[in-house]
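**Student:** build me a model from this:
(one chain, ligands or ions: 1)
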Amino acid sequence: MRVAALQHNPAYLDVDGNLDAVEAAVASLDTDLLVLPELFASGYFFRSRADVDTVAEEIPGGKTTQRLLKWARDLDCTIVAGLPEYTDKGLYNTAVVVDKSGLRGTYRKLHLYYQEKLHFLPGDLGLPVFDQIAGSGTKYRLGVMICFDWYYPEVARSLALLGSDIIAHPSNLVRRDCPRAMPIRALENHVFTITANRIGREIAGKEELEFIGQSLVCDPRGDVVQQMSRDETATLIAEIDPATARDRRITPHNNLLADRRPDSYRLD
Ligand code: ACM
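**Tutor:** Now for the predicted structure:
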């Protein structure tokens, strides 16, 4: 099956302009799974709560999810994409999973980074996984985590234990370490990972964040299948076989997940 990750440079708070630009970028894409960055149409480094309020949307009624649903139908693919979610309880940094059948579900970021904590509530939906079918008929199980979740190996491990073959990872990376860490997340869990990051800079008050690009796809051996540079805007495409993630034997005597010793681990 084919997977894709879009890397772009969205304009701060210009949701309509960003949606139009992404629509043009993916219009002729031939892929089974497309991953877009975290908060892909809103911008990331919010200058105030009022700014976040202008772009937060209900799911699935808001314009971003509606547009994603249209793209999933037009391209006949599954899309994972990040947006600021408005709810009666408050705002979440959320990723939706959509396909031609509609909204498959949402994941709300568990580990909020830096000033996200000023605006968003920590995720309260656990770690849902999604059973998807590619156009070729290939079945795969999809897990989702958002950006800084990579820093917590428990997230990717949990998604692997839940049977994920592929982890979609919408991101707005600003720390240099993640592109080095993702091959390890893929290796230690024997999964494919697809990190879709953004580039560019955003300023809030006296602070500036620079987004580091380098979107990448990793395979269950911990190899980087494809990677973009720090400054390009493009769509990365990779051909993968999700079935290869399912055989977690390391030697005839070792099975990655079955050999775990949770009785001896201290996780809290
Ligand atoms: C991040 O979690 N967006 C750094």
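**Student:** now residue 218. Nearest residue, chain neighbours left out?
**Tutor:** Using C-beta to C-beta, 6 or more residues apart in numbering and skipping the chain neighbours, the partner closest in space to residue 218 is residue 186 (3.7 Å). Using the backbone N, CA and C atoms, a C-beta is placed for each residue, glycine as well.
**Student:** host element of the one you found?
**Tutor:** Assigned by DSSP states H and E, residue 186 belongs to helix 178-189.
**Student:** shaky segments in the protein?
**Tutor:** Of all residues in the chain, none has pLDDT under 70.
**Student:** what residues does it have near the ligand?
**Tutor:** For the chain, the contact set with the ligand under C-beta under 6 Å from any ligand atom comprises 38, 113, 147-148, 172-174.
**Student:** same thing but at 5 Å, please
**Tutor:** Within the chain, the positions adjacent to the ligand are 113, 147-148, 172 by C-beta under 5 Å from any ligand atom.
**Student:** can you list those residues in a markdown table and add distance to residue 70 and secondary structure?
**Tutor:** Rendered in a markdown table, the data for the residues of the chain next to the ligand read as follows (distance: C-beta to C-beta, whole Å; DSSP: H, G, I helix; E, B strand; the rest coil):
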| residue | distance to residue 70 | secondary structure |
| --- | --- | --- |
| 113 | 30 | coil |
| 147 | 25 | helix |
| 148 | 29 | helix |
| 172 | 24 | coil |
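**Student:** just the buried members of those residues?
**Tutor:** 113, 147-148, 172 (16 or more other C-beta atoms under 10 Å).
**Student:** which residues of the chain fall in helices?
**Tutor:** Using DSSP state H, the helices found in the chain span residues 15-26, 49-55, 63-75, 116-119, 153-161, 178-189.
**Student:** list the contacts for residue 237?
**Tutor:** Counting by C-beta atoms under 8 Å, 6 or more residues apart in numbering, residue 237 makes contact with 2-4, 31, 226.
**Student:** actually residue 14, not the one I typed
**Tutor:** By C-beta under 8 Å, 6+ apart, the contact set of residue 14 is residue 43.
**Student:** at 10 Å instead, please
**Tutor:** 20-21, 41-43, 55 (C-beta atoms under 10 Å, 6 or more residues apart in numbering).
**Student:** which one of these is nearest residue 100?
**Tutor:** residue 41 (20.5 Å; C-beta to C-beta).
**Student:** select from the contacts of residue 237 the one having the most neighbours.
**Tutor:** Neighbour counts for these (other C-beta atoms under 10 Å) peak at residue 3, which has 26 neighbours.
**Student:** residues contacting residue 127?
**Tutor:** 107, 110, 143-145, 149, 154-156, 158-159, 161-162, 164.
**Student:** give me the buried entries from these.
**Tutor:** When these are checked for burial by 16+ other C-beta under 10 Å, the buried set is 107, 110, 143-145, 149, 155-156, 158-159, 161, 164.
**Student:** export these to CSV and tack on distance to residue 90?
**Tutor:** Conversion of the buried ones among the contacts of residue 127 to CSV gives the following (distance: C-beta to C-beta, whole Å):
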residue, distance to residue 90
107, 16
110, 15
143, 25
144, 20
145, 21
149, 19
155, 22
156, 26
158, 24
159, 25
161, 29
164, 28
